[in-house]
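Participant: here is a sequence together with a model predicted from it:
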Amino acid sequence: MKKLLLAASALTLCASAALAQDVVRMGTEGAYPPYNYIDDNGQVAGFERELGDELCARAELTCEWVTNDWDSIIPNLLSGNYDTIMAGMNITEERAKTIDFTENYTPPAASKYLALDETTDLKGAMVAAQVNTLQSEYVASAGQTLMEFATLDDSVAAVRNGEADAVFADYDALKPFAEQGDLHWVGKDVQLGDGVGMGLRKSDTALKAKFNTAIESMKKDGTLNELIVKYFGDDAQTY
């Protein structure tokens, strides 16, 4: 019985750990513009930085930003290296088995292909995608040959240097590359995921509730839509 009581107490402490800290650590990749990137001053910037700072202000939380490689971003959340993930992460049933999510702060968006040649045939093509993403999972199941890379930049570079026939990623993330003029949209849009949300440990229920309230308030007063348009353009999907 004593062991059971101790275990219950430990769970209670874990559930309130993030809120008990003086600072909530916001984990991001810093390599997925316009969602998140490192600016010329070496600071985290982008849509999620501006959004996250506003959410922390509305939730009356003191927050700091931590960067982590994408391929270990969930394990390091679970290990306690930071308290949230804000890194362009789509909400999926598979990820929700391991971590919890706030409600989404971007609507579900299309994923698309970019290629050097607009006549590229995607059937059986060599397609580059960032590792451990919805897009890499899709390519592997779509009859294409998958090439995985650590970052989106590396995935796009593989197309430009001829290693891959096309790159597959979120439309919003690929759009800046398409605007450079040397790459072309090919194939059909593919709808994946349930929108982008903030990832948290399942034990941090109070922290999740605070961020959900803040996200809902930004949806209600229109400021979230303003941020989406600011970073993703007038044609971006909004609430």
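Facilitator: Received it, and whenever you're ready, just let me know what you need. Numbering: from 1, shown residues only.

Participant: centroid residue for this protein?
Facilitator: Nearest to the geometric centre of the chain sits Gly88, at 1.7 Å (CA atoms, centre = their mean).

Participant: quick one, helices of the chain?
Facilitator: 2-15, 17-20, 47-58, 73-78, 134-141, 152-160, 171-178, 205-221, 223-232 (DSSP state H).

Participant: could you list the low-pLDDT ranges of the chain?
Facilitator: Within the chain, the stretches with pLDDT under 70 are 1-21.

Participant: break it down into its structural domains.
Facilitator: Annotated domains of the chain cover 2-107+195-232, 110-191 [automatic domain parsing].

Participant: and of the helices of the chain, who's closest to Thr98?
Facilitator: Among the helices of the chain, the nearest to Thr98 by CB to CB is helix 73-78 (6.2 Å). Just so you know, the C-beta spots here come from the backbone N, C-alpha and C atoms, and that holds for glycine as well.

Participant: contacts for the closest one?
Facilitator: Residues from elsewhere that reach helix 73-78 (CB atoms under 8 Å, 6 or more residues apart in numbering): 27, 29, 68, 82-85, 87, 89, 95, 98-99, 199-201.

Participant: 6 Å instead, please
Facilitator: The contact list for helix 73-78 (CB atoms under 6 Å, 6 or more residues apart in numbering) reads 68, 85, 87.

Participant: mind putting those residues into JSON lines with distance to Asp39 and neighbour count?
Facilitator: Converted to JSON lines, the contacts of helix 73-78 look like this (distance: CB to CB, whole Å; neighbours: other CB atoms under 10 Å):
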{"residue": "Asn68", "distance to Asp39": "18", "neighbour count": "19"}
{"residue": "Ile85", "distance to Asp39": "20", "neighbour count": "25"}
{"residue": "Ala87", "distance to Asp39": "16", "neighbour count": "24"}
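
Participant: out of the residues you listed, who's nearest Leu114?
Facilitator: Leu114 lies nearest to Ala87 out of those, by CB to CB, at 21.0 Å.

Participant: quick check: that closest one touching Glu29?
Facilitator: Yes: assessed by CB atoms under 6 Å, Ala87 is found in contact with Glu29 at 4.5 Å.

Participant: select the longest strand from the protein.
Facilitator: Secondary structure of the chain per DSSP state E: the longest strand is strand 184-191.

Participant: now that one against helix 134-141, angle please.
Facilitator: Interaxial angle, strand 184-191 versus helix 134-141 (axes from the mean of the first three to the mean of the last three CA atoms, to 10 degrees): 90 degrees.

Participant: now do strand 184-191 against helix 171-178, angle only.
Facilitator: Per the same axes, to 10 degrees, the angle that strand 184-191 makes with helix 171-178 is 180 degrees.

Participant: partner strands of strand 184-191 and their direction?
Facilitator: strand 110-115 (antiparallel) (DSSP bridges).

Participant: count the residues that sit near the nearest residue to Met89 once chain neighbours are set aside.
Facilitator: Spatially, and ignoring its direct neighbours in sequence, Met89 is nearest to Gly199 (5.6 Å; CB to CB, 6 or more residues apart in numbering). Under the neighbour criterion other CB atoms under 10 Å, Gly199 is assigned a count of 25.

Participant: ok, the residue nearest to Tyr105 when sequence neighbours are not counted - contacts?
Facilitator: If the residues on either side of it in the chain are set aside, Tyr105 comes closest to Ile215, at 5.4 Å by CB to CB, 6+ apart. Ile215 is in contact with 102-103, 105, counting by CB under 6 Å, 6+ apart.

Participant: 8 Å - rerun?
Facilitator: Ile215 neighbours (CB under 8 Å, 6+ apart): 55, 102-103, 105, 198, 224.

Participant: do Met86 as well
Facilitator: By CB under 8 Å, 6+ apart, Met86 lies in contact with 26-28, 36, 48, 51-52, 198.
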